[in-house]
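Peer 1: please find the sequence and the predicted model below.
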Amino acid sequence: MRSDFIFNGRLGIALPRLDQRWEDYSAAKQAEILAEWETIRGTIPDRIAQIEETINQKQEALGEEENFEVSCRLNWEIADLASIINDLWLWYRTHQDISTRLHS
């Protein structure tokens, strides 16, 4: 992976890491970064589906759990995973305009 992206362990994808203003990159470098982002961006729906499967498993376990402390932990884990999904969708949607530039 190039240095223009850094892996975010919480989200499970690499995110852009720009060391300078976008306008300061050459057109070739911008195209290279956009191409890499488009590849990464394309993996976001699959990443979300993986997390949703984990949430479904935890919700199933929660429905059967009788221990209050364990129920609280499962609820917290589900909420955390839902937050990750929300952040992934924000990255996916917010940067659609960037992906559009790639195809222009």
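Peer 2: Cool, the structure landed. Numbering: from 1, shown residues only.
Peer 1: relative to its centroid, which residue of the protein is most remote?
Peer 2: The centre of the chain is farthest from one residue, E66, which by CA atoms, centre = their mean lies 32.8 Å away.
Peer 1: mind listing what's buried in stretch 29-45?
Peer 2: 30, 33-34, 36-37, 40-41, 44 (16 or more other CB atoms under 10 Å). (C-beta placed from N, C-alpha, C; glycine too.)
Peer 1: got the contact list for the closest residue to R10 other than its chain neighbours?
Peer 2: Distances taken as CB to CB, 6 or more residues apart in numbering place I84 nearest to R10, at 6.3 Å, with adjacent residues excluded. Neighbouring residues of I84 by CB atoms under 8 Å, 6 or more residues apart in numbering: 10-12, 51.
Peer 1: name the member of those with the most neighbours.
Peer 2: Tallying neighbours with other CB atoms under 10 Å puts I51 at the head of the contacts of I84, with 18 neighbours.
Peer 1: what residues does that residue make contact with?
Peer 2: Going by CB under 8 Å, 6+ apart, I51 touches 81, 84-85, 88.
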